[in-house]
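Undergrad: Provided below are the primary sequence and the corresponding predicted coordinates.
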Amino acid sequence: MKFLYIGGSNERQEVKQMILEEAHKFFDTVLYAPLQKIKVECVNGKNRLLFRGTDLTSFDACYARFFSKDLMFGEIVLDILNQSDVFTPLTPEAFQITNHKYFTVKVLSRENIPVPISSLAVSPQTAIDMSHKIGYPVVIKLLSGFGGRGVMIANSESEFRPVLDTLKLFKEFISTQEFVKSANYDIRCMVFGEEVFGIKRIPKEGEWRTNVSQGGKAELIELSSAMKEDAVKAAAILGLGVCAVDFMEVDGKYKLIEVNFAPGIMPDFFKNKFANILMKYIYNHVKEIKAKNRF
């Protein structure tokens, strides 16, 4: 069987290498294709993805690790893969939704997933009004930030206004969110279909963001059945077979704060564990599809 791995603009070399190493344990043929070097071709109404003369729609499975900068072209690539016979645990619709942090929360809230109070504004004054309604401190998020980047906190209006000036300068939408006061950690649920692994992420000293890429620490934990169910439900609503769902927990209650389309596999803490689980998940799905197609 043949496996394709497409890497996006912010691909870490270490993560790429680990996923490819695990892919070789399950698949006969493994190919890595950087997104920026893929060509889209339409001939007689049929779309193809080409990389160095190879038709990428001829592969059995694909995992695409895309980021916000890849949205326009990545969405097209995912759409072509989804319309072909290539199995991928991701959809272009999911990529679009999860790249818009406010829209992600809106969609999940509609399905009774507990989320923080959130707002979206174009006008700085509207954002100020909303922040008073939410109550300080407020979390300010760039709609397409990742890895903790583009996430800020304002403890008062005087702290918020300079941030608004910067966002206005770059013509950014203003997304604000209730600050969930937790015990200085968050919980990341790594979702692989129905299988969920819980990770407690602890920020480095003096930092409130828990992202490992920002110097935080991570450890495996047992999850409550309710949190597991909501993580799987959120992934299914968005159309994701593989993703990370982040929660903040306070006094036994939790709120979903974010869904990550291309989660880090945290090799510094878990070595090849999640790369192996990812490849096993994809391989088993391809095997099932091929078994069904025999009949």
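TA: Thanks, I have the structure now.

Undergrad: what's the helix or strand harbouring F274 packed up against?
TA: When secondary structure is defined by DSSP states H and E, F274 falls within helix 273-293. Judged by 3 or more CB pairs under 8 Å, 6 or more residues apart in numbering; DSSP states H and E, helix 273-293 is in contact with helix 13-26, strand 61-65, strand 186-192, strand 195-202. Every C-beta, even on glycine, is put in place using the N, C-alpha and C of the backbone.

Undergrad: quick one, the second one and helix 273-293 angle?
TA: Same thing as strand 61-65. For strand 61-65 against helix 273-293, the angle by axes from the mean of the first three to the mean of the last three CA atoms, to 10 degrees is 150 degrees.

Undergrad: let me see the mean pLDDT of the helix or strand that strand 61-65 is followed by.
TA: Next in sequence after strand 61-65, counting helices and strands by DSSP H and E, comes helix 71-83. Averaged over helix 71-83, pLDDT sits at 96.

Undergrad: what sits up against helix 71-83?
TA: 6, 8, 35-36, 38, 40, 47-49, 56-57, 62, 64, 66, 88, 90-92, 95-96, 99, 144 (CB atoms under 8 Å, 6 or more residues apart in numbering).

Undergrad: in strands, which of those residues appear?
TA: Mapping these onto strands (DSSP state E) picks out 6, 40, 47-49, 62, 64.

Undergrad: okay if I get those as TSV plus pLDDT and neighbour count?
TA: Shown next, in TSV, are those (pLDDT from 0 to 100; neighbours: other CB atoms under 10 Å):
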residue	pLDDT	neighbour count
I6	98	26
V40	96	14
N47	90	16
R48	92	15
L49	97	24
C62	98	26
A64	98	23
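
Undergrad: of those residues, closest to S119?
TA: Distance ranking of those against S119, using CB to CB, places A64 first at 31.3 Å.

Undergrad: quick one: the closest one and I19 touch, right?
TA: No: the pair A64 / I19 is not scored as a contact, 11.4 Å apart, by CB atoms under 8 Å.

Undergrad: now list whatever residues contact both of the two.
TA: Contact with both A64 and I19 is made by residues Y5, according to CB under 8 Å, 6+ apart.

Undergrad: restricting to C-alpha, output stretch 12-20 in CSV.
TA: Output of stretch 12-20 as CSV, limited to C-alpha atoms (Å, rounded to 0.1, in the frame of the first residue of the first chain):
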residue,chain,number,x,y,z
ARG,A,12,9.0,21.0,11.8
GLN,A,13,11.8,18.8,10.5
GLU,A,14,11.8,16.6,13.6
VAL,A,15,8.0,16.0,13.4
LYS,A,16,8.2,15.3,9.6
GLN,A,17,11.0,12.8,10.1
MET,A,18,9.2,10.9,12.9
ILE,A,19,5.9,10.6,11.0
LEU,A,20,7.8,9.3,7.9
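
Undergrad: buried residues in it?
TA: Residues of stretch 12-20 classed as buried: 15-16, 18-20 (neighbour count, 16 or more other CB atoms under 10 Å).

Undergrad: please apply the same query to stretch 48-67.
TA: Buried residues in stretch 48-67, counted by 16+ other CB under 10 Å: 49, 51, 56-57, 59-67.

Undergrad: picking up where we left off before, now the ones in strands among the contacts of helix 71-83 as JSON lines including distance to S156?
TA: What follows is those, written out as JSON lines (distance: CB to CB, whole Å):
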{"residue": "I6", "distance to S156": "44"}
{"residue": "V40", "distance to S156": "48"}
{"residue": "N47", "distance to S156": "52"}
{"residue": "R48", "distance to S156": "55"}
{"residue": "L49", "distance to S156": "50"}
{"residue": "C62", "distance to S156": "47"}
{"residue": "A64", "distance to S156": "41"}
